Structures are given as structure tokens and as C-alpha cells.
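**Student:** after the sequence you'll find the predicted model.
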Amino acid sequence: MDKIKIYHLLKEYDKIGLGSTVSIKAWVRTKRGSNTVAFIALNDGSTIHNIQAVAELASFDENIIKQITTGSCIQVTGKLVESMGKGQTVEIQAESIEILGLADPQKFPLQKKGHSMEFLREIPHLRPRTNYFGCVLRLRHAMAFAIHAYFNEKRFVYVHTPIITGADCEGAGEMFQVTTLDMENPPRLPNGAIDYHQDFFGKFTSLTVSGQLNGEMCAMALGNIYTFGPTFRAENSNTPRHLSEFWMIEPEMAFYDINDNMDLAEDFIKYLVRYALEHNMDDLQFLNDMFDKELIHRLQSVLNDSFVRITYTEAIDILLQAKQKFEFPVAWGVDLQSEHERYLVEKHFNKPVIITNYPKTIKAFYMKQNDDGKTVRAMDVLFPKIGEIIGGSEREADLHKLESAIKERNMDETSLFYYLDIRRFGTAPHSGFGLGFERLMLFITGMTNIRDVIPFPRTPKNAEC
């Protein structure tokens, strides 16, 4: 007998045929009943919806029925029939039940009651069994699939950039070191410094904070590329918006200026939102009904209008004139905080906003400098409830300007020789951006804490499972 999922039983029961014998393997969500019949709600993770198995107690060993508890895993074989109860179209009239895995009801932590997100974070190995995280993880899969589909349709080349690197893309220094040296007795140079020439890679290396620099190199040969992989920040930030390990989507495009970059970013994110609404409405509807009543409306609103495009200077002027008091002061030259970004998106414009032309002093070294000598062709895409969801720029293609920016920041020019070579040999205008996958998932799911949109969050003092 072919393996079949609950998703297919509920969606394609007419094709399968009422009266057909089916067999499913799933986890028990609840069991209720009377002295004569047991109603068992089953879920195998393929859909938010359960299927009900109806077991006539006279046909089963009493001990088998007793072992069917919340969290246990069973195989049910029986006839697929029309359901007489409310809330489901079909159910299984059980003919045989096999216990695949027991779950002690005194110890299994996920019982039929509400659990806080804080509690569920303490059991990351079990929280995928809940309705909330089943929805989140199915949506996470859908978005990952849609990302590859989008770029494949546009003939972008998927590039695997290195996770171990000797360069700090952002120049922030908040990186996780990679070493095989004995940290209790490392080799030393005559001046007492650690001799990294004796390390595995012969130099100081870290986990990457971004695949951008490597992506640019490939874009200068392949035209349009994208990366989609894990990135790491050793930033001691215990906030609902930060992770130490997260995933990034980073396209890099040759012959794109800042306007082309903004067009692609807007089209890309609209594609992803549209895909979620078209393919995962059951999951979205559950999250909308149970967690965030405005979720579906907010997603649909993204598709209805073009994103607002303003300069950083215009954004500062709007914030200075706002009647709202901000925790962080507003002035030209300061980096915008989440409260500033959300004011622009949620109160002033009431739609997504793209801000361009930031002061060069608050942006990375690789961004193209404007003729005014003060600003760079950066862009940030701001979304409701999230703030910045995409950050990007037109990249500096002028070798001398790039060298000057590196020196101004006291960065190691020799470690970036390959990046400068791209400007020496056939330089070309090019642009790119980064979309934090977990930031996207916050918007798609309506969740409020970034630790709740990744299966196993990595944060300061937390690396469980």
C-alpha cells in the first residue's frame, strides 16, 4: 500500500475515493470519546489540519486504546468515509491500529492547553509538534522554495559562497573565530601575539557575516547570481530581532544601478508574499486566526501598491516634523533605529518604504559614493512590524574610491586584494542586496520574536539541540 499523507486525504479524497482502504502514520493530538467509541485526532505534519480516526472500542484490545495518548505515534488502517461531525469532510473508520511510539502522558509536555512561546523555546526539540510551529516550518520551506524558483525563472546563478572566511565584509569585527589551535597553549610570535601561521588555514579565519564579497566576484563573470546560506554574528544582542546564526539571501547583479536594485528588491519580495498567499493559505489562516488578526490583510496590502521611495534626508525631515517622541534622537547623520523605521512605514506612509542615499559614515565601505561626497547609494527596504527587511546598495566600481574607503576605516587592504582586483580588471557597474530570511519569516508569519521562526535558534548563551 502506497504511503499517503493527511494533506492528500483531505485535499484529494474524491480522487482517492470514499470507501477506499487507507493507512496513515501520524502523531496523536487528542483522544476523546465514550464507552463505545474513541475519536482520535491525528496529524503527520503535512498540513495544519488533523484527520479524525473513529475506533469502535468493541473491535480493539482495551490495552491498545489506553496507550493512545497525546504525543504517541500510531498507524491507523481503515476506510475513508464521509464525516458526520463538524469541522472535517472525511474521517477514517479504523479497522486496525498499531502503536509505533508511546508518550507518557505524565511526562509529555505538550498537552491540550495553551503554551506560551517562552515555554516552547525551552523545548525546541518538541515545539515542531505544535500547530504554531508546524505552520511556521511549512511556511519557511515554502519561502525557501519560492526564493530558488524566483531566481531560477530570472536565470540567476545560485552560488555557494564560503562559510569560513578571512575577510570581514561589514568591517564590524563581530565574528566567530575558526581555529584548530590549542587555545590553552597557542603558538606565539616573538612579540607575544598568537602565531596564526601555524593554524589550519595559515591565517586568522572566522565564520562569515555575509557572502556578498564572494558573490560580487561571481557576478563579474556570470552577470546575475544569488547566494542563500547561513551567516553568523558574534553580537551580544538578546533582542527579539537578533540571532547569532541566521540565513541570508544575497543577489548580486552586474550592470544594475541603484534604481534597478530597488526594482528587483520590490519585485522579489512581492513574489514571495504572493507565493505564500497562493500556496500556504491554510497555515496563514491559522496564524491569522490564532496569533495575528491582521496578518493576511497586511500580506495582501504589500501586493496592492508600489513601495514608497524617499531619500535618507527626506526621511530625517519627516521624523523631525513628527509629533511622536522617539527614544533615540533624530538628526542628519545618525543611523535610523527600528522605532524610526516603523514610524515611517506604519504611521506616516502606511506602506513599505525604500530609503536611499544614506550618509557614507554610517554605511559599509563597499557602497558607491555619490557626487556630493557625503552620501552613498545605499538602500534599505522597510516593512511594517519589522523595520528593515532588506539592505543593499549599488557597489563602488571605482578602484581609487574603494581603496580610499578601506583606508578611512583602517581595514586590512591586503586581505581584500581579490575584491580590489575585480575593480582592476574589467570593472563594471553592479548592485546587490541582502534579505535576512528570518526577518522575512517574521513578516510572513506574524510572529513577534525572531527565535520563533527558525527551528533551532542560536543566541548568546544558547546553543541547545
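**Tutor:** Cool, the structure landed. Quantities reported herein were computed from a predicted structural model and do not represent experimental measurements. Residues are numbered from 1 along each chain as shown.
**Student:** what pLDDT is listed against the closest residue to residue 13 other than its chain neighbours?
**Tutor:** Nearest non-adjacent residue to residue 13, counting by CB to CB, 6 or more residues apart in numbering: residue 90, 4.7 Å away. C-beta: built from backbone N, CA, C; applies to glycine. Predicted confidence (pLDDT) for residue 90: 97.
**Student:** now do the contacts for residue 90.
**Tutor:** Residue 90 makes contact with 9-10, 13, 18, 51, 80-83 under the criterion CB atoms under 8 Å, 6 or more residues apart in numbering.
**Student:** please enumerate the helices of the stretch 351-465 of the chain.
**Tutor:** Listed in chain order, the helices of the stretch 351-465 of the chain (DSSP state H, counting those that start in this stretch) span 399-408, 417-424, 437-445.
**Student:** looking at those, which is closest to residue 147?
**Tutor:** helix 437-445 (8.1 Å; CB to CB).
**Student:** ok, and the most crowded of the contacts of residue 90?
**Tutor:** residue 51 (27 neighbours; other CB atoms under 10 Å).
**Student:** follow-up on the earlier one: give me the phi and psi angles of the residue nearest to residue 13.
**Tutor:** phi -130, psi 160 (degrees, to the nearest 10).
**Student:** picking up where we left off before, got JSON lines for the helices of the stretch 351-465 of the chain, with distance to residue 303, mean pLDDT and mean neighbour count too?
**Tutor:** Below are the helices of the stretch 351-465 of the chain laid out as JSON lines (distance: least, CB to CB, whole Å; pLDDT from 0 to 100; neighbours: other CB atoms under 10 Å):
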{"stretch": "helix 399-408", "distance to residue 303": "38", "mean pLDDT": "95", "mean neighbour count": "15"}
{"stretch": "helix 417-424", "distance to residue 303": "37", "mean pLDDT": "95", "mean neighbour count": "15"}
{"stretch": "helix 437-445", "distance to residue 303": "13", "mean pLDDT": "97", "mean neighbour count": "23"}
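**Student:** how about these in JSON lines, adding distance to residue 151?
**Tutor:** Shown next, in JSON lines, are the helices of the stretch 351-465 of the chain (distance: least, CB to CB, whole Å):
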{"stretch": "helix 399-408", "distance to residue 151": "27"}
{"stretch": "helix 417-424", "distance to residue 151": "21"}
{"stretch": "helix 437-445", "distance to residue 151": "14"}
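**Student:** isn't there a helix covering residue 309?
**Tutor:** No - assessed with DSSP: H, G, I helix; E, B strand; the rest coil, residue 309 is strand; it does not lie in a helix.
**Student:** count the residues that sit near the nearest residue to it once chain neighbours are set aside.
**Tutor:** Excluding the flanking residues, the one nearest residue 309 by CB to CB, 6+ apart is residue 354, at 4.8 Å. Counted with other CB under 10 Å, the neighbours of residue 354 add up to 21.
**Student:** can you check residue 44 too?
**Tutor:** Using other CB under 10 Å, residue 44 has 18 other residues around it.
**Student:** specify the local secondary structure of the nearest residue to it once chain neighbours are set aside.
**Tutor:** Leaving aside its chain neighbours, residue 44 sits nearest to residue 26 (3.9 Å; criterion: CB to CB, 6+ apart). Under three-state DSSP, the three-state class of residue 26 is strand.
**Student:** is residue 26 bridged to anything, and to what?
**Tutor:** residue 74 (DSSP bridges).
**Student:** which stretches of the stretch 1-150 of the chain have low pLDDT?
**Tutor:** 1-2 (pLDDT under 70).
**Student:** just so I have it, where are all the strands in it?
**Tutor:** Assigned by DSSP state E, counting those that start in this stretch, the stretch 1-150 of the chain shows strands spanning 21-33, 37-43, 51-56, 73-82, 90-101.
**Student:** sorry, back to before: contacting residues for the residue nearest to residue 44?
**Tutor:** 6, 42-44, 51, 73-74, 76.
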